[in-house]
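Undergrad: fold the following and give me the result.
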Amino acid sequence: MASLTGNQRDLGTLQGPLLLFGGPYGNLEATRAMRRTAEARGIPPRRVICNGDLTAYCASPVETVALIREWDIQLVMGNCEASLASDSDDCGCGFEQGSVCALNASKWFDYTNRRIGRSEREWMKQLPGALRFSLGQLTFLVVHGAPSRINRFVFPSTPREQKRAELDLAETEVVIGGHCGIPFGEQIDRRFWLNTGVIGLPANDGTPDGWYLLLETEGEQVRASWHRLSYDHRRASRRMGEAGLDTGYSQALINGRWPSLDILPPPEQRQQGIPLNPAKLWLA
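TA: Residues are numbered from 1 along each chain as shown. The predicted structure is shown next:
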């Protein structure tokens, strides 16, 4: 999949706080909980950003898309939206052919592909590949995977030189990505790479929670902090069972462990089942 740098929408200068999340993944219960959380924090839809993959592993793709559209938040196209919009028969996740992840993906993507209609696909075609904005004294670019490719996996252990190259391509001080499913933040020289985490699946840390990111201003500084999202994960898991989506991910909603570690580098594989606690970052 191509670079996203030419397919951007500029939101201008924003005021905090901002709430950012990724990967609703067709998990209606998690998406409802995310909306309730934003409303409880007093954050209006214009300051809520989702970095894509509205539909994926879970059982309520149509309902989740409808809720996101009605909520009217800011959106970035994920690889699942790109695939559905182009009538592809593959999710475009970037899994290796023949891997457990790829075999599981063929099941849930076929389920989603048979349910998402033409109107949803036409709407997905209009989504930007990236969102640019300013907050405090900093410039930000929000993407799904990375500026170079919508489905590129960037993990905490991804070498810094690769992140530097992506930041150079973004021509910004902060890149906010998703796709890999693990929330984290890293300072790279005087720039930053942030990952929102996702709400539709746990972060492989042995807990059922999803994750989201808050950006808050204090003077000229911006503080990035990550927060757990609790929701009715048992109901979401039951929906998957009732839909015949027995791919291992329905159990992952309960036990917080991914059924396959194919996509993970060794450092992230070793972290399975260890509860996360991402440190806050001050973005100077």
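
Undergrad: next, residue 213: secondary structure please.
TA: Per DSSP: H, G, I helix; E, B strand; the rest coil, the secondary structure class of residue 213 is strand.

Undergrad: state the distance from it to residue 43.
TA: 12 Å (CB to CB, to the nearest Å). Using the backbone N, CA and C atoms, a C-beta is placed for each residue, glycine as well.

Undergrad: before we move on, what about residue 269?
TA: Using CB to CB, residue 269 is found at 35 Å from residue 43.

Undergrad: quick one: contacts for residue 195?
TA: 154, 176, 177, 178, 180, 182, 183, 184, 185, 213 (CB atoms under 8 Å, 6 or more residues apart in numbering).

Undergrad: any chance of these in a markdown table with pLDDT as columns?
TA: Listed next are the contacts of residue 195 as a markdown table, based on pLDDT from 0 to 100:
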| residue | pLDDT |
| --- | --- |
| 154 | 98 |
| 176 | 98 |
| 177 | 98 |
| 178 | 97 |
| 180 | 96 |
| 182 | 98 |
| 183 | 98 |
| 184 | 98 |
| 185 | 98 |
| 213 | 98 |
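
Undergrad: nearest to residue 16 among those?
TA: Set against residue 16, the nearest of the contacts of residue 195 by CB to CB is residue 213 (11.9 Å).

Undergrad: quick one: the strands in the stretch 101-250 of the chain, in order.
TA: 130-135, 138-142, 174-177, 184-188, 191-195, 210-218, 221-229 (DSSP state E, counting those that start in this stretch).

Undergrad: that older thread, quick one, which of residue 213 and residue 43 is more surrounded?
TA: residue 213 (24 against 17; other CB atoms under 10 Å).

Undergrad: could you list every residue that touches the more buried one?
TA: Applying CB under 8 Å, 6+ apart, we find residue 213 in contact with 19-21, 176, 183, 194-197, 224-227.

Undergrad: ok, residue 136 next?
TA: Here residue 136 is in contact with 16, 217, 220, 221, 222, 283 (CB under 8 Å, 6+ apart).

Undergrad: from residue 228, how far off is the nearest residue to residue 199 once chain neighbours are set aside?
TA: Spatial nearest neighbour of residue 199, excluding adjacent residues (CB to CB, 6 or more residues apart in numbering): residue 210 at 3.5 Å. Residue 210 sits 7 Å away from residue 228, going by CB to CB.
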